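# sequence unavailable; structure follows:
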């Protein structure tokens, strides 16, 4: 408990608590925005790579299967 004669000299803790709460809220919001942006970038990259892999797979399906020729010659 604070003696009555010091009450006028000690600043109220309410503004400090509000400042800390505002800082934490701002930090949390900024962190969340950054994580969502990173996730969105990752999803875009993943979709791009997946489409490229699909195109390559379709192209490979049309290629000649040389490996099967090599295996037949060994038997």
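Arrived safely, thanks for sending. These numbers come from a predicted model, not from an experiment. Residues are numbered from 1 along each chain as shown.
# for whatever helix or strand residue 51 lives in, what is the average pLDDT?
Assigned by DSSP states H and E, residue 51 belongs to helix 13-61. Helix 13-61 carries an average pLDDT of 93.
# next one: the helix or strand following that helix to chain centre, how far?
Going down the chain from helix 13-61, the next helix or strand is helix 66-74, by DSSP H and E. Centre-to-centre, helix 66-74 and its host chain are 46 Å apart (Cα atoms, centre = their mean, to the nearest Å).
# with stretch 41-51 instead?
So, by Cα atoms, centre = their mean, the centroid of stretch 41-51 is 14 Å from its chain's centroid.
# just stretch 58-65 next, same as before
Stretch 58-65 has its C-alpha centroid displaced from the chain centroid by 36 Å (Cα atoms, centre = their mean).
# how about stretch 28-41?
Relative to the chain's own centre, stretch 28-41 is displaced by 6 Å; criterion: Cα atoms, centre = their mean.
# and if you look at stretch 51-59?
Computed by Cα atoms, centre = their mean, the chain-centroid distance of stretch 51-59 equals 26 Å.
# okay, buried residues for that stretch please.
For stretch 51-59, the neighbour count (16 or more other Cβ atoms under 10 Å) marks no residue as buried. Where you see a C-beta, it was placed from the backbone N, CA and C, and this is true even at glycine.
# name the residues that touch that stretch?
Around stretch 51-59, nothing counts as a contact under Cβ atoms under 8 Å, 6 or more residues apart in numbering.
# mind checking how far residue 58 is from residue 15?
Counting by Cβ to Cβ, to the nearest Å, the gap from residue 58 to residue 15 is 65 Å.
# repeat for residue 23
In terms of Cβ to Cβ, residue 23 sits 12 Å off from residue 15.
# cool, residue 22 as well?
Taken as Cβ to Cβ, the span from residue 22 to residue 15 is 10 Å.
# what's the answer for residue 41, then?
Counting by Cβ to Cβ - residue 41 and residue 15 are separated by 39 Å.
# then residue 25?
In terms of Cβ to Cβ, residue 25 sits 15 Å off from residue 15.
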